[in-house]
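>>> from the sequence below, what's the structure:
(2 chains)
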Amino acid sequence: MAFLRCRDVHKDYLVGTETVRALDGVTVAIDRGEFVSVMGPSGSGKSTFMNLVGCLDRPNSGSIELDGERVSDLTSDSLASVRNRKIGFVFQQFNLLGRTSALDNVALPLLYAGVDRGERTTRADEALARVGLADRAQHVPAQLSGGQQQRVAIARALVNSPDMLLADEPTGALDTATGQEIMRLFQALNEAGLTVIVVTHEAEVADCARRILRFRDGLITSDTLDEVRDVAV
Amino acid sequence: MSLFELVRVSFDALRVNLLRSVLTMLGIVIGVAAVIAMVTVGAGAQAEVDRQIEALGSNVLMIRSGSRWFGGARTAAGSSQSLTAEDTRALKAEIPEIAAAASANRGSGQVVVGNMNWSTTIYGIDADYMIARNWEIAQGREFEPAEFRNGAKVALLGNTVVEELFGAGNVVGQAIRIKNVPFTVVGALKAKGQSFGPWDQDDTVMVPFKTAEGRLLGKSTHRTGSVRDIYVSVGDADAMDLVELDITEVLRQRHRIGPGEQDTFSIRNMTEMVEARVEARQIFNMLLAAVASVSLVVGGIGIMNIMLVSVTERTREIGLRMAVGAKERDIMLQFLVEAVTLCLLGGLIGIVVALTITVGVAEIAGWPVLVQWPIVIIAIAFSAAIGIFFGFYPARKAAAKDPIEALRSE
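Presented below is the predicted three-dimensional model:
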C-alpha cells in the first residue's frame, strides 16, 4: 500500500486579484522507502506539491493521504502534529536558529513533541551521530561550514524518527562536492528505509533518486524510474 | 510545551538581544520604580506626620487671643478683651470633657551659659501645659506648685537648647541667664523630633507662667494674667467638635460678646491642621503616582513595539518552528511569555530600584521605611498584566503567520 497517495489534487493561489492555478489535478502514489526527486521549472507547481505533501498547506480539492491518514482536510494544529511526527524537513538555507547550539537546534522538534529534556538531549545526540557530527554538538551554526550546517538540519529532520524526509533544494547553497556528500547521506538514509523526496532543478542531484517526477504547469508530465525509463503517467 | 520550557525558550531569545531587552525593560523599570517609590515615600511621610501629631499633643485645641489668627480685620481696640489665666481655669471647670487646660505666653530671648549663648523661644507655662502639649521630662523634674505660685527663677530646657548650650550630660542644677536674668535649670525635656516646617519644637525654654510674666516677657501691654495661647486637651477625640462649641460659648459669655459680634479669640484644632497638610500631600502623591502609571503604559507600548519588531525579524524562525511541529498556540505562548518575562523582569528590577530610593530618601529625611507590600505585589501583577496586554497583539500576529510564507521570508 502506498505511503503517500495524492488524488486529483488542485491548488489555486490568489496573487493580487488574479487566481493562479498552481496544481491542476495531480495524482501520484509514493511507496514507503522510495527515493523520489521532484523536478520542474519555477512556476511548475513542484513547490506547491511539496508544501501540500509536507502538510504545510491544504489543497482546494482532491485528497492527500499520508500513511493511511487523510491529511488534506485536517485543521492547522493537526497538520502541525503530523509534520512533527511523520515528516522531516530539510531546506536550502538550512534554517538553523542562530546563536543556538547544534544540539538544541536538532532537539527543536522534540520540544514540540513534548519530550522531556533528558531524552531530548539523548536523541539529539544520536541524530547528530547519524550525520557524523557528534563532536560538534555544542557549536553554533556560525562556527560550522555550510555542509555541516546542512547535516545539522538533516539531524533535526531525523530526530523525531519521521517516516518521510522532504528536502527542498538541499544542495542549492552548497558547493558541488559538499552537495554530493549530502546526497550520499540521503541515499544512505534511504537505504536504511526512510522515504525521501527531494525537490531540485539539478539533473545530477535528481539522478541520485530512483524515481523522478517532472512538473510542468501544475501537472506531472513524466514519472520515470531508474530501471525503466519513461514510464508514461 | 510546559511553561518552564516556554520560559527557557523566551529567556534564550531575550539573551540573544541583550541590550535591546534591557532598553525595552527600562520603561517598565522606571514606571514600577516610580509608582512604588511614590507610594512608599508617601507612607513614610504619613507615618512621620502621624508622629508629629502625636508630638503636638493629640486632641489639642489651641485658643488664641484676638481674631488676627485668620489674618482678617481686628475689632476695635477696647472691645477686644485678651484671654486670661482665669479663662483657662474657667474652661477646665465648666467643660467636663477637657482633660487639661494650659495657659502659655511666648516670646523670644537669648539664653547664656558661660561663654555660650543661644536665641530661643521662651514659654511661660502653667501646671497643665506639660499634659496638654504632651511634653515629657528627660532628666530632672517638672516645676513644683510652689514654683508656679512664687514665680521662681527655674527653667526647663528643650532638647535643642540642651545640645546647643551643654552638648550632652546632666543639666539639672546648672545656672543659666535668660535675657540676663539668672535661672536654675531643674530639668530637660524629652525630644519631640523635628517638627513640620522650619519650626523646631525642641528649641525652647520653659519657665513658670508667673516668672515669665514678671521678668521675661513683660506685661506692659497686657494686664496681669493675660494669656496669649490657651491649650486644651480633650480626653475623647470624638468630642473635639462639641468641646470647640462649648469653649466658644463659655468664652463669649465671659468676654461679654453680644450676639452678632465677632469673637475676640480663635480656636484651632491642631490635629486638623496637620491632617489638612497630610491631605494636600496625599493628593500630591497620588498625582505623582498617576504620572508614574503613565510611564508604565508608555513602557508597555515600548514592549509592544519591540515585540512587533522581533516578530517581523524572526519570521523565518517562526516558520521553521511551525514546520517542525509548533502549533499556533505554541508560537503565541512563546511570544507572550517573552513579553511577560520582559515586563516581570522590568518590574522586579523596578522594585529593587524603588526600595533603594525609598531607603535613601528615608535615610535623608529621617522617616521610617514603610514598604507597602500590597503595592509591591500589585506592581508585579500589573507589570505581568502589561506584558500580556501589550504582548498579545504581537504574539497573535506571530501565531497567525502562514508557515510557507514565513519560511520563504528573508
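>>> what sits closest to the closest residue to chain A within the stretch 151-300 of chain B if chain neighbours are left out?
Nearest to chain A in the stretch 151-300 of chain B, going by C-beta to the nearest C-beta, is residue B:299, at a distance of 26.3 Å. C-beta coordinates here come from the backbone N, C-alpha and C atoms, glycine included. In space, and not counting its chain neighbours, residue B:299 is closest to residue B:27: 2.6 Å by C-beta to C-beta, 6 or more residues apart in numbering or on different chains.
>>> please apply the same query to residue A:211.
residue A:36 (4.7 Å).
>>> got the contact list for that neighbour?
Contacts were defined as C-beta atoms under 8 Å, 6 or more residues apart in numbering or on different chains; by that measure residue A:36 touches A:30, A:196, A:197, A:198, A:209, A:210, A:211, A:212, A:213.
>>> circling back: for residue B:244, see how far away the residue nearest to residue B:299 is.
51 Å (C-beta to C-beta, to the nearest Å).
>>> output stretch A:115-122 as CSV - backbone C-alpha positions only.
The C-alpha coordinates for stretch A:115-122 follow below in CSV (Å, rounded to 0.1, in the frame of the first residue of the first chain):
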residue,chain,number,x,y,z
VAL,A,115,9.7,15.0,25.0
ASP,A,116,11.4,15.8,28.3
ARG,A,117,14.7,17.5,28.4
GLY,A,118,16.9,14.5,29.3
GLU,A,119,15.5,12.4,26.4
ARG,A,120,15.7,15.3,24.0
THR,A,121,19.4,15.5,24.6
THR,A,122,20.0,11.8,24.2
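>>> buried set for that stretch?
Counting neighbours by 16 or more other C-beta atoms under 10 Å in any protein chain shown, one finds that the buried residues in stretch A:115-122 are A:115, A:120, A:121.
>>> of the residues you listed, which is the nearest to residue B:351?
Residue B:351 lies nearest to residue A:120 out of the buried residues of stretch A:115-122, by C-beta to C-beta, at 35.0 Å.
>>> before we move on, which element is that closest one in?
Assigned by DSSP states H and E, residue A:120 falls within helix A:117-130.
>>> helices or strands next to that helix in the packing?
Packing contacts for helix A:117-130, counted by 3 or more C-beta pairs under 8 Å, 6 or more residues apart in numbering or on different chains; DSSP states H and E, involve helix A:102-113, helix A:146-158.
>>> and the contacts of that helix?
The contact list for helix A:117-130 (C-beta under 8 Å, 6+ apart) reads A:102-104, A:106-107, A:110-111, A:115, A:134, A:136-137, A:152, A:155-156, A:158-160, B:5.
>>> if you set the cut-off to 10 Å instead, what comes out?
Helix A:117-130 is contacted by residues A:88, A:101-111, A:113, A:115, A:133-137, A:151-152, A:154-161, A:185, A:188-189, A:192, B:2, B:4-5, B:8 when judged by C-beta atoms under 10 Å, 6 or more residues apart in numbering or on different chains.
>>> off-centre distance for it?
Distance of helix A:117-130 from the chain centroid (C-alpha atoms, centre = their mean, to the nearest Å) equals 21 Å.
>>> compute the inter-axis angle for that helix and helix A:146-158.
Counting by axes from the mean of the first three to the mean of the last three C-alpha atoms, to 10 degrees, helix A:117-130 lies at 130 degrees to helix A:146-158.
>>> got phi/psi on residue A:69?
phi -100, psi 130 (degrees, to the nearest 10).
>>> how about the residue of chain A at minimum distance from chain B: what's its closest non-neighbour residue?
At 2.5 Å from chain B, residue A:84 is the closest residue in chain A, using C-beta to the nearest C-beta. Excluding its sequence neighbours, the residue lying closest to residue A:84 (C-beta to C-beta, 6+ apart) is residue B:325, at 2.5 Å.
>>> low pLDDT regions in chain A?
Applying pLDDT under 70 to chain A flags the ranges A:1, A:227-233.
>>> tell me the residue in it that is farthest from the middle.
Going by C-alpha atoms, centre = their mean, the residue of chain A most distant from its centre is residue A:17, 31.0 Å out.
>>> reformat the helices and strands packed on helix A:117-130 as JSON lines; add distance to residue B:83 and mean neighbour count.
Output for the helices and strands packed on helix A:117-130, formatted as JSON lines (distance: least, C-beta to C-beta, whole Å; neighbours: other C-beta atoms under 10 Å in any protein chain shown):
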{"stretch": "helix A:102-113", "distance to residue B:83": "85", "mean neighbour count": "24"}
{"stretch": "helix A:146-158", "distance to residue B:83": "94", "mean neighbour count": "25"}
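>>> now the ones you listed as TSV including distance to chain B?
Output for these, formatted as TSV (distance: least, C-beta to the nearest C-beta, whole Å):
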stretch	distance to chain B
helix A:102-113	4
helix A:146-158	7
